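Participant: generate a structure from the sequence data that follows.
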Amino acid sequence: METADRSPNAAEIRPEELVTRLQSGEPVLILDIRPRTERQEWAIPHSLWIDLYDAAQRGDFRLLDTLAVPPTSLVVVVCAAGRTSSRVAQELQRRGIRAASLAGGMRAWSLAWDIATLPSSSTGQVLQVRRLGKGCLSYLVVDSGEALVIDPSLQPDVYLQLAESLGAKIVGVLETHVHACHVSRGRLLSEAAAAPYRIPATDRVRFAYTPVTDGDVITVGSLQLIALSTPGHTWESTCYLLPDHALFTGDTLFTDGIGRPDLKAGADERARKARALFDSLQRLGTLSDSLWVLPSHVGTPLAVGEPLVAGRLHELYKRFVAPFEQPDHFVEALLQHLPPPPPNTDQITRANELGVPPSELVSLLELEAGPNRCAVQGA
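Facilitator: The predicted structure is shown next:
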């Protein structure tokens, strides 16, 4: 069970309750008190920021004097782990303002989630399950009473309950690659659902799984997903085509960039992976222009209730791939625009290669805290 540290001192609101209040349209003012550098890394969209953290540590709350709170609003105070925010929430309560501390802070918010649905078609139902703070995107593909989960990044109960609410049983768990931005919950979900755990064929992992190779067909209900090998972000990276409807691209192609080839790779391998990525994107460019591209991450935190994170293949290809006619130009531009690596990427990758269940990691929330940086933007 993934839980956050809880402060015993002040009224708290858990992340899932905050999501519910925001979804209902209840007036909520989210007050971020973290230092500027932390705020710039990642933040809850539409939150208000006051540089109060250090002063609050000293018991100095004068900066709150300028805070204007609508009379019907609840102020939810946010810090990194929910301790200093508890002090600020207590001070606001002392001033007669309705306030609560976000339990577990931004670390816990990384596990908050909501869903969006792909526009309906004749090809079953596709739900996007979004970790709002972390920007991880997973999918439930449902048809004829069966469900397939792609890239699960939340605890198994989330997917089991969603499938049950749709009258479906999870019959498979599928990864697009070995992830470096979050600890996969795939093995745990596979065990809980008694369903096969499928990963693109690789010698990186140290546990039993059902390998996926290029051209394999994965069935869910009456639907068929076709595996397309797309090396580049990792050597085993694979996209899954739901014909005439959607393309699950993992970390190969995003709505805001393309996959980075440098994680766990030296300079020579980066260049080779970048060249492989160019070829993979060319392959995707031969598919139907109208396909919805459904990536496994988004580069910025999501606001509760935001639309589906998706784009049409022809639009994204035109934006990110078509400007590069020569692979050498693509490789050069890609390697020049690499962002800093995601936080704790080596530890997360190792956990996913070993198949360590999240329950066995001492500080999962701390390990996964912070933004993911799997996309290269501006290449």
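Participant: gap between V220 and L174?
Facilitator: Using C-beta to C-beta, to the nearest Å, one obtains 9 Å as the distance from V220 to L174. For every residue, glycine as well, the C-beta is placed using N, CA and C.
Participant: overlap of the contact sets of the two?
Facilitator: Shared contacts of V220 and L174 (C-beta atoms under 8 Å, 6 or more residues apart in numbering): L148.
Participant: between those two, which one's more packed in?
Facilitator: L174 (28 against 24; other C-beta atoms under 10 Å).
Participant: so for stretch 180-190, what's the average pLDDT?
Facilitator: Taken as a whole, stretch 180-190 has a mean pLDDT of 93.
Participant: ends of it, what's the gap?
Facilitator: End-to-end distance of stretch 180-190 (C-alpha to C-alpha, to the nearest Å): 20 Å.
Participant: also stretch 188-200?
Facilitator: Stretch 188-200: ends 18 Å apart by C-alpha to C-alpha.
Participant: buried sites along it?
Facilitator: Within stretch 188-200, the residues scored as buried using 16 or more other C-beta atoms under 10 Å are L188, L189, S190, A192, A193, A195, Y197, R198, I199, P200.
Participant: which members of those residues are the farthest-apart pair?
Facilitator: Using C-beta to C-beta, the pair of these lying farthest apart is A192 and P200, separated by 22.1 Å.
Participant: how about the residue nearest to the spatial centre of the chain: which residues does it bridge to?
Facilitator: Nearest to the mean C-alpha position of the chain, counting by C-alpha atoms, centre = their mean, stands C136 at 0.6 Å. For C136, the beta-bridge assignment (DSSP bridges) gives partners R131, H297.
Participant: ok, it - contacts?
Facilitator: R130, D151, S153, C181, H182, S296, H297, N372.
Participant: what about the helices in the chain?
Facilitator: Counting by DSSP state H, the chain has helices at residues 15-24, 36-41, 53-57, 84-94, 105-109, 156-165, 186-193, 267-284, 313-320, 327-336, 345-354, 364-368.
Participant: and the angle from the longest one to helix 327-336?
Facilitator: What separates the directions of helix 267-284 and helix 327-336 is an angle of 120 degrees, with axes from the mean of the first three to the mean of the last three C-alpha atoms, to 10 degrees.
Participant: angle of helix 267-284 against helix 313-320?
Facilitator: 140 degrees.
Participant: tell me the domain ranges of this protein?
Facilitator: Domain assignment of the chain by automatic domain parsing yields the ranges 12-109, 113-376.
Participant: endpoint to endpoint, the shortest one covers what distance?
Facilitator: Just to be clear, that refers to domain 12-109. 13 Å.
Participant: great, nothing more from me.
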